[in-house]
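Novice: coordinates only, sequence not included:
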């Protein structure tokens, strides 16, 4: 059985950094020094990942794994009926989750960073925007983890250790979304 | 498969609904609002101390003030609505 390195070290480190800083910021939601430090770090990491999504190595670009809405919808229906294809890169639902987590994370961190400047301190609209962007992450992160566990069970593999540890997945002839993407 | 996904979504919906309750940093035993001093009086008192008040809202029966204090520091401070005395907050 052939194994391929799907997540290079930089991608695993970015993922770990984003996961830890975003969870740290959510847990310290009342504010304070740790909340702010976690937020600044999350902002830098999310912006870096977004930039690499447009101009980074081919497999990590959004065009390599984000699929059109209709394709993603069909994939979601296949998941519902328990007959979805295995993907080596992010699957279509996972891809949209990546986009959502990164944009909400960056938006929440940016509005939070602005709020603690002298210029915007106390601005009600800004703290409302911060809350609206940040709180959905409290739902989406568990949903992301649930999706990963679900996909792991469906295809009898450990996606958590692939992303957090060795970065490798087995290659199968029936896999979809090898990189670069198929037409 | 459907059942497992449905169960999971339901469990997460419940977890979210029971978890949305933001907490303030202090509470005041301040009685009915008819006994409260007006916000304008608090703002005047603070600006006389050199504060620039950005926003005053109610939180936990207290007035919660966002301001730049006389030393130029951003502060979030609580005041008792009846006495207008500062209310200590748990540190962040």
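Specialist: Structure's in. What do you need? All values derive from a computational prediction rather than experimental measurement.

Novice: For stretch B:66-75, which residues meet the burial criterion?
Specialist: Going by neighbour count (16 or more other C-beta atoms under 10 Å in any protein chain shown), the buried part of stretch B:66-75 is B:66, B:67, B:68, B:69, B:75. From N, CA and C alone the C-beta is placed, and that goes for glycine too.

Novice: Closest to chain A out of those?
Specialist: Closest to chain A out of the buried residues of stretch B:66-75 is residue B:66 (3.1 Å), distances taken as C-beta to the nearest C-beta.

Novice: Quick check: residues of chain A near chain B?
Specialist: A:29-33, A:79-82, A:116, A:118, A:121-124, A:135, A:138-139, A:142-143, A:146, A:150 (C-beta under 8 Å from any C-beta of the partner chain).

Novice: among the buried residues of stretch B:66-75, which are in reach of chain A?
Specialist: With C-beta under 8 Å from any C-beta as the criterion, those include B:66, B:67, B:68 near chain A.

Novice: Could you list which of these belong to strands?
Specialist: Among these, DSSP state E puts B:66, B:67, B:68 in strands.

Novice: On the three-state scheme, residue 29 is what?
Specialist: In the absence of a named chain, this looks at chain A. coil (DSSP: H, G, I helix; E, B strand; the rest coil).

Novice: try chain B instead
Specialist: coil.

Novice: Now do it: how many residues are near it, please.
Specialist: 9 (other C-beta atoms under 10 Å in any protein chain shown).

Novice: just checking, it touches residue B:61?
Specialist: Yes: the pair formed by residue B:29 and residue B:61 meets the contact definition of C-beta atoms under 8 Å, at 6.7 Å.

Novice: Break down chain B into its strands, ranges please.
Specialist: B:52-59, B:62-68, B:74-79, B:86-87.

Novice: Tell me where chain A has strands.
Specialist: Counting by DSSP E, the strands of chain A are A:3-5, A:168-170.

Novice: ranking the ones you listed by burial, who's on top?
Specialist: Ranked by mean neighbour count, these are led by strand A:168-170 with a mean of 17 (mean count of other C-beta atoms under 10 Å in any protein chain shown).

Novice: Which strands or helices does that one pack on?
Specialist: Using 3 or more C-beta pairs under 8 Å, 6 or more residues apart in numbering or on different chains; DSSP states H and E, the elements in contact with strand A:168-170 are strand A:3-5.

Novice: roughly how far is the strand it packs on from the heart of the chain?
Specialist: Its chain's C-alpha centre and that of strand A:3-5 lie 21 Å apart, by C-alpha atoms, centre = their mean, to the nearest Å.

Novice: And the contacts of that strand?
Specialist: Here strand A:3-5 makes contact (C-beta atoms under 8 Å, 6 or more residues apart in numbering or on different chains) with A:88, A:167, A:168, A:169, A:170, A:171.

Novice: between these, which is nearest residue B:42?
Specialist: For these, the residue nearest residue B:42 by C-beta to C-beta is residue A:167; the value is 57.4 Å.

Novice: Touching, that closest one and residue A:9? I think so.
Specialist: Yes: counting by C-beta under 8 Å, residue A:167 does reach residue A:9; the two are 6.9 Å apart.

Novice: Give me the more crowded residue out of those two.
Specialist: Comparing residue A:167 with residue A:9 by other C-beta under 10 Å, the one with more neighbours is residue A:167, at 17 against 9.

Novice: buried residues in stretch A:65-79?
Specialist: Going by neighbour count (16+ other C-beta under 10 Å), the buried part of stretch A:65-79 is A:65, A:66, A:67, A:72, A:75, A:79.

Novice: And stretch A:120-139, by the same measure?
Specialist: Result for stretch A:120-139 [16+ other C-beta under 10 Å]: buried residues A:121-123, A:126-127, A:129-130, A:133-138.

Novice: how distant is the longest helix along chain B from the center of its chain?
Specialist: Looking across chain B with DSSP state H, the single longest helix is helix B:2-17. Centre-to-centre, helix B:2-17 and its host chain are 32 Å apart (C-alpha atoms, centre = their mean).

Novice: Quick one: mean pLDDT over it.
Specialist: Averaging pLDDT along helix B:2-17 yields 71.

Novice: tell me what that helix is packed against?
Specialist: helix A:69-80, helix A:124-154.
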